[in-house]
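Participant: Model the following, please.
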Amino acid sequence: MTAQNWLPFEGVVALRFLREGRIQTLFIVVGIAIGVAVIIFMSALLNGLQANFVNRVLTGQAHIQLLAAKNRVLPLGTAQDVLEAATVQIPLQRAQGIDQWQSVMEQLQQMPEVQVVSPAVLGSALITRGEASRSVSVVGMLPQRYFRIIPLRDKMAQGSAEVGSDTILIGTELAADLGVALGDPLRVSTVNGTVLTLKVLGIFDLGNKGANSRNAFMAMRTAQSMFGLSGGASILDVTLTDIYAAERIAQQIQSHTGLQADSWMKTNEQFFTAVRAQTTANTAIRFFVGLSVGFGIASVLVVSVVQRSREIGILRAMGVRRVQIMRVFLLQGGLLGLGGALMGALIGALAMVVWQRVMRNADGSIMFAMVMDTALFVQSLVLASLTGLLSALAPALRAARLDPVVAIRT
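Facilitator: Predicted coordinates:
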């Protein structure tokens, strides 16, 4: 069965025009394919890079951290609203627990956007072994909850992460500085005079030299006793189903609980600005590539209208309506866009595979994952096809307005 037997009149004419100008058709299809391949590859590259950066940031912190509201002092006034003091000083911010943190945690856990809530006790301590001492930030946590937020088990270089009442976890840098190994005792003291002797149960590697030298983890009960927060929690760590909704949900939680809510977007503002800049750059790349593809299709079809003016005039004289002439050129634009998009999707997928195999870290692992998102391919196909149709609109209108008599005489 030939194309003429099942295609409508407009389709037959559109395919004939494309075949007769096969060189032009080939160049524009290749141009569209390159543009679509660039869109697919660059989008996947930027999305993979962004996901890698976000994953690196969020593997070491929660999406939202809830703290007790800071102490503040109000100026003292008289009955005549005259201030009694010229200067109002901010009070010293002492460690304090979150009031009724258990009920707050239950309330948060019922929110549909929240995945995990983990209480913890934070404080500073001095770790001493012999004549060597180091200042560290101590996190007292519940392993069964905390490790669902911070995958510390996966970061252990030696030993176990399951802390007990008399054990502590330290980083590789701190262990090297103090010259300790698994099972060695450490003297841990705080500014309030509390001193404990804890055994090194595990040594972790967070992939950051600073973090490995200044962080230590222990059981929550031990930290409560050390910092004088019996039964209390100084922080609630929260993870969400949608990480990019963190700031909105943080503001919502703060307004309902009165606690200080800091999202990862707020605490990593410069990083988040860079992420948004990458998203903007990706959008700009799509727009300008699509624009160049659209002008390419339009220029080819305009030339086609000029070259086929006589044929269009003959068709009009034979009774072909203006709307059918428009459909011929619109169909050409759509076919060029779709054909180029299919070829571009194949080139883009091939480029992604080559990138994953060639670009490797020093240890041979992949630099970062590039996901072949089906939605990205579908969006690119639809975008290219629509761009082809829109680009063909002006040439189609010009062709439909041709006077048959004038067109035949030229």
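
Participant: May I ask you to name the longest helix in the chain?
Facilitator: Of all the elements of type helix in the chain, the one with the most residues (DSSP state H) is helix 269-307.

Participant: mean confidence for that one?
Facilitator: The pLDDT scores in helix 269-307 average 76.

Participant: Also stretch 184-200?
Facilitator: The average pLDDT within stretch 184-200 is 91.

Participant: Equivalent analysis for stretch 142-155, please.
Facilitator: Average pLDDT, stretch 142-155: 89.

Participant: end to end, how far does it reach?
Facilitator: From its first residue to its last, stretch 142-155 covers 17 Å (C-alpha to C-alpha, to the nearest Å).

Participant: buried ones in that stretch?
Facilitator: Across stretch 142-155, burial judged by 16 or more other C-beta atoms under 10 Å covers 142-143, 145-147, 149-150, 152, 155. Every C-beta, even on glycine, is put in place using the N, C-alpha and C of the backbone.

Participant: Over to stretch 372-391?
Facilitator: Those would be 376-377, 380-381, 383-385, 387-391, for stretch 372-391 by 16+ other C-beta under 10 Å.

Participant: same check, this time on stretch 390-400
Facilitator: Within stretch 390-400, the residues that count as buried by 16+ other C-beta under 10 Å are 390-392, 395-396, 398-400.

Participant: Return the member of the buried residues of stretch 372-391 nearest to Arg221.
Facilitator: Closest approach between the buried residues of stretch 372-391 and Arg221, by C-beta to C-beta: Leu376, at 48.7 Å.

Participant: Would it be right to say that the closest one lies in a helix?
Facilitator: Yes. Under DSSP: H, G, I helix; E, B strand; the rest coil, Leu376 falls within a helix.

Participant: can you pull the pLDDT of the closest residue to Leu229 other than its chain neighbours?
Facilitator: Nearest non-adjacent residue to Leu229, counting by C-beta to C-beta, 6 or more residues apart in numbering: Gly97, 4.8 Å away. Note on Gly97: pLDDT of 80.

Participant: Tell me, how many residues neighbour Gly97?
Facilitator: Residues lying near Gly97 (other C-beta atoms under 10 Å) number 19.

Participant: cool, and the one 10 residues further on?
Facilitator: Other residues within reach of Gln107, judged by other C-beta under 10 Å, total 15.

Participant: can you check the one 5 residues further on too?
Facilitator: Summarising burial for Pro112: neighbours were counted as other C-beta under 10 Å, giving 5.

Participant: Now do the same contact list for it.
Facilitator: Thr241 (C-beta atoms under 8 Å, 6 or more residues apart in numbering).

Participant: Tell me the secondary structure at it.
Facilitator: Pro112 ends up coil, using three-state DSSP.

Participant: how far away is it from Val320?
Facilitator: 59 Å (C-beta to C-beta, to the nearest Å).

Participant: and Thr128, helix, strand or coil?
Facilitator: Thr128 ends up strand, using three-state DSSP.

Participant: Name the nearest residue to it, ignoring sequence neighbours.
Facilitator: Distances taken as C-beta to C-beta, 6+ apart place Arg187 nearest to Thr128, at 4.3 Å, with adjacent residues excluded.

Participant: One more: Met220?
Facilitator: Distance criterion C-beta to C-beta, 6+ apart; nearest residue to Met220, sequence neighbours excluded, is Gly140 at 4.4 Å.

Participant: mind listing what Val320 touches?
Facilitator: So Val320 contacts Phe9 (C-beta under 8 Å, 6+ apart).

Participant: Could you do Leu142 as well?
Facilitator: By C-beta under 8 Å, 6+ apart, the residues touching Leu142 are 118-120, 220.

Participant: change it to 10 Å
Facilitator: Residues in contact with Leu142 (C-beta atoms under 10 Å, 6 or more residues apart in numbering) are 118-120, 148, 163, 219-221, 233.

Participant: Using the three-state scheme, assign Ala349.
Facilitator: Classification of Ala349 by three-state DSSP places it in helix.

Participant: That one and Leu342 touch, don't they?
Facilitator: No. If you go by C-beta atoms under 10 Å, Ala349 and Leu342 don't touch, sitting 11.1 Å apart.

Participant: between these two, which one's more packed in?
Facilitator: More neighbours surround Leu342 than the other of Ala349 and Leu342, with 19 against 16 (other C-beta under 10 Å).

Participant: The host helix or strand of that one - contacts with which helices or strands?
Facilitator: According to DSSP states H and E, Leu342 maps onto helix 322-358. Judged by 3 or more C-beta pairs under 10 Å, 6 or more residues apart in numbering; DSSP states H and E, helix 322-358 is in contact with helix 9-20, helix 22-58, helix 269-307, helix 309-317, helix 374-391, helix 393-400.
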